[in-house]
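> please find the sequence and the predicted model below.
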Amino acid sequence: MTEHEPPPETPTRRRRGRPTGARAGDSGTRERILAAARAVFAERGYDKTSIRAIAKTAEVDSALVHHYFGAKEQIFEAAIEVSFAPALGVPDVLAAGPDQVGERLARYFLSVWQNPVTRAPLLAVVRSAVTNETAAGVLRGFVLRRVLLKVAGELDLPDARLRAELAAAQMIGVVLMRYVLKVEPLASATEEEIVGYVAPTIQRYLTASE
């Protein structure tokens, strides 16, 4: 190198953890990450899902996933909220009054699970909760805050929260037996058959004064 030659440039290195590709604030980035998270959770379950796998599916840096959602537990909760969105209308079903509320609730709940579009992400959530305590805790907290407490608020009866939990347990039990374990003859029973047996029990939980 002569006296007048400039020194060679030193290659710049990207700071560790700096997001690549999509950036925070880009239109649709958060939704793309959430869609990727739902897909990966559905395919691998909670235990085998990693932030890195979600980032790879969404084609973003892992740091960007942390930026929007924090830890895996938080992004799982966000995925639950999207997956359970159809079920959040349960309090509206109760608000229509006590007459035949058991039948209305059973039909509404089954309609959500009968639809293949809404059933697939819900099954992924339930399977993760069955096999992982952290996932189960996130699901319990979400169902309590977003569904059961609202249902209890519509019941002008003693032990409203317990009644709401019993009604939820009845329907979740049906879901596990019918869609997850696929136990016969429940798995092949018609919606009308299931409603006929389940609705009176839910009605009693939510309306019986004694």
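Sure, I can see it.
> what sits against Ser128?
For Ser128, the contacting residues are 41, 45-47, 76, 135, 139, by Cβ atoms under 8 Å, 6 or more residues apart in numbering. From N, CA and C alone the C-beta is placed, and that goes for glycine too.
> per-residue confidence for it?
Listed pLDDT for Ser128 reads 81.
> and for Glu3?
For Glu3, the pLDDT comes out at 51.
> hmm, back to that, which among the contacts of Ser128 count as buried?
Neighbour-count burial (16 or more other Cβ atoms under 10 Å) applied to the contacts of Ser128 gives 41, 45-46, 76, 135, 139.
> farthest pair in those?
Farthest pair in the buried ones among the contacts of Ser128 (Cβ to Cβ) is Gly45 and Leu139. Separation: 13.0 Å.
> any idea which helix or strand comes after the worst-scoring helix or strand of the chain on mean pLDDT?
Lowest mean confidence among the helices and strands of the chain (mean pLDDT, DSSP states H and E): helix 90-95, at a mean of 68. Remark: after helix 90-95, the chain's next helix or strand is helix 101-114, criterion DSSP states H and E.
> buried residues, that following helix. List them.
101-110, 112-113.
> so what's the residue count around Leu206?
Look at Leu206: counted by other Cβ atoms under 10 Å, it has 22 neighbours.
> for the residue minimising distance to the centre of the chain, helix, strand, or coil?
Nearest to the mean C-alpha position of the chain, by Cα atoms, centre = their mean, lies Ile80 at 1.8 Å. Put simply, Ile80 is helix when judged by DSSP: H, G, I helix; E, B strand; the rest coil.
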